[in-house]
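> Generate a structure from the sequence data that follows.
(one chain, ligands or ions: 2)
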Amino acid sequence: MNKKTIPLLNTHFPQLKLFNRGKVRDIYEINDSLLIIATDRISAFDVVLPNGIPYKGTVLTGLSEFWFKYTSDIIENHLITTQIEKMGNAVIAQHKDVLHGRSMLVKKVEVVPVECVIRGYLAGSGWKEYQKTQSICGIKLPAGLKESEKLPEPIFTPSTKATTGHDENIPFSKVVDSIGKKLAEELKEKSMNVYLNASDYARNKGIIICDTKFEWGITKDNKTILIDEALTPDSSRFWPLEGYMPGKPQPSYDKQFVRDYLESIYWDKKPPAPMLPPDIVQKTSEKYLNAYKTLTGKSLI
Ligand SMILES: Nc1ncnc2c1ncn2[C@@H]1O[C@H](COP(=O)(O)OP(=O)(O)OP(=O)(O)O)[C@@H](O)[C@H]1O
Ligand SMILES: [Mg+2]
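Residues are numbered from 1 along each chain as shown. Ligands and ions are numbered 1, 2, ... in the order given. A predicted model of the protein is given here:
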């Protein structure tokens, strides 16, 4: 294996101030900015696996950057740069080998505490809620929709930003109660706008963006900007357009090999997760690289 194919599982930069370690990303605070590093960690069924997936962090960073640029005409976002030389920090520059391609320097802003989910299709918790109530987040839907079916139009289905456990779907009225009507309407409209633009583009490239989650922040001069990661396989459900067939779950573009393998060995989905065999790791890595290439038209390696 050459150096690039050895997955990065953890970062350790004692000279930098750690801001947050998530399931996949390690974030450091650099003055008024954040350094968001996508590692190669992967989670399945909400548990981080012991293996990393080569190139996964690079794909996630590359795709976020691609979408931030693609939508920058219509929506302002937090990205400052992904180029190490332009980050202007000696410690970061010293670790260029590790950080190159997987890091974004972004404006640190006040996070709006709502997960802005847009659903174009019926899957996951949306499908579960629909089966019980024929609605999602209080939005009434037509009767008789099938699993994975395209919705008559995309819907805004916000959820809480839970610090522990699973996020919870909430009706729009709850968002209004928590952040006010004006901002709630603005997030809904902006999230919808980005989804419509990106999902049209992706569909033309053969990828269905079933649903996706956006986060928004408020700058010091009171502008609402797109933050976090955007339209990656970790924040969205990507399905291959080829073979799309409502009435059943669709294969995930990226994690299907991992999920199928874990189901095949009857893992109870409780930590610790088992090691993945090398061929599953390899195939999954290829899937991520392929998603990048399909969407951007460029090869990462
Ligand atoms: N520009 C920004 N300014 C301030 N905070 C940001 C910005 N962009 C993203 N964040 C915040 O950084 C955090 C990123 O955390 P991350 O998603 O990696 O892990 P997590 O949410 O703790 O756990 P999980 O991996 O399960 O999602 C989120 O809370 C997000 O709101
Ligand atoms: Mg998160």
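
> Please list all residues in contact with Asp115.
To be clear, residue 115 is Glu; Asp isn't right here. When contacts are counted by CB atoms under 8 Å, 6 or more residues apart in numbering, Glu115 touches 158-161, 167, 213-215. C-beta: built from backbone N, CA, C; applies to glycine.

> what's the closest of the residues you listed to ligand 1?
Nearest to ligand 1 among these, counting by CB to the nearest ligand atom, is Glu215 at 5.0 Å.

> Show me what that closest one bridges to in the sheet.
Counting by DSSP bridges, Glu215 is bridged to Ile227.

> That one against Ile225, yeah?
No: Glu215 is not in contact with Ile225 according to CB atoms under 8 Å; the separation is 10.1 Å.

> what about these two, which has more around it?
Taking other CB atoms under 10 Å, Glu215 and Ile225 do not tie; Glu215 has more neighbours (20 against 17).

> how deep is whichever residue of the chain sits closest to ligand 1 tucked in, by neighbour count?
Residue of the chain nearest ligand 1, by CB to the nearest ligand atom: Gly22 (2.1 Å). Using other CB under 10 Å, Gly22 has 14 neighbouring residues.

> List the contacts of it.
Gly22 touches nothing, counting by CB under 8 Å, 6+ apart.

> Now do the SS call for Ile36.
strand (DSSP: H, G, I helix; E, B strand; the rest coil).

> Settle this for me: it is touching Ser103, isn't it.
Yes: Ile36 is within contact range of Ser103, at 6.8 Å (criterion: CB under 8 Å).

> What parts of the stretch 201-301 of the chain come near ligand 1?
Within the stretch 201-301 of the chain, the positions near ligand 1 by CB under 6 Å from any ligand atom are 215, 217, 227-228.

> For those, please prepare TSV with the additional fields pLDDT and distance to Glu85.
Converted to TSV, those look like this (pLDDT from 0 to 100; distance: CB to CB, whole Å):
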residue	pLDDT	distance to Glu85
Glu215	98	28
Gly217	98	26
Ile227	98	23
Asp228	98	24
